[in-house]
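Enquirer: What shape does this take:
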Amino acid sequence: MTTAHFTPSARLGMGFIALLLLLVAEFGFVLLLRGQIIREYFAKRDPLAGTVYYLMLAVFAVMPLLVR
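Expert: Numbering: from 1, shown residues only. Model prediction:
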């Protein structure tokens, strides 16, 4: 079964589950490797790059809904 057969809400749910898994992996590995806490991670992020990063995370989450 391809994603074209799923309802829009199911595809959106898939995207948010994928986003959750991505963030768990990122925070788990990056924070462990850098030896930082999450507050330091966000404080050291460049404002412009951070904004683009957050926008791309949103696009990543809704991509299953957009690609049919």
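Enquirer: what does the host helix or strand of A61 rub up against?
Expert: The secondary structure element spanning A61 is helix 47-66 (assigned by DSSP states H and E). Under the contact criterion C-beta atoms under 8 Å, 6 or more residues apart in numbering, helix 47-66 has outside partners 3, 8, 11-12, 14-16, 18-19, 22-23, 42, 45. C-betas here are computed from N, CA, C, even on glycine.
Enquirer: What subset of those is buried?
Expert: Buried residues within the contacts of helix 47-66, defined by neighbour count using 16 or more other C-beta atoms under 10 Å: 11-12, 14-15, 19.
Enquirer: In the chain, which helix is the longest?
Expert: helix 8-34 (DSSP state H).
Enquirer: what pLDDT, on average, does that helix get?
Expert: Along helix 8-34, the predicted local confidence has a mean pLDDT of 92.
Enquirer: Compute the inter-axis angle for that helix and helix 47-66.
Expert: Between helix 8-34 and helix 47-66, the angle formed by their directions is 150 degrees, by axes from the mean of the first three to the mean of the last three C-alpha atoms, to 10 degrees.
Enquirer: list the helices and strands helix 8-34 packs on?
Expert: Counting contacts by 3 or more C-beta pairs under 8 Å, 6 or more residues apart in numbering; DSSP states H and E, helix 8-34 packs against helix 38-43, helix 47-66.
Enquirer: Of the ones you listed, which shows the lowest average pLDDT?
Expert: Of all the helices and strands packed on helix 8-34, the minimum mean pLDDT falls on helix 38-43 (a mean of 85).
Enquirer: Now do it: distance to the chain's middle.
Expert: Distance of helix 38-43 from the chain centroid (C-alpha atoms, centre = their mean, to the nearest Å) equals 17 Å.
Enquirer: Can you give the contact residues for it?
Expert: The set of residues external to helix 38-43 that reach it, using C-beta under 8 Å, 6+ apart, is 27, 30-31, 34, 50.
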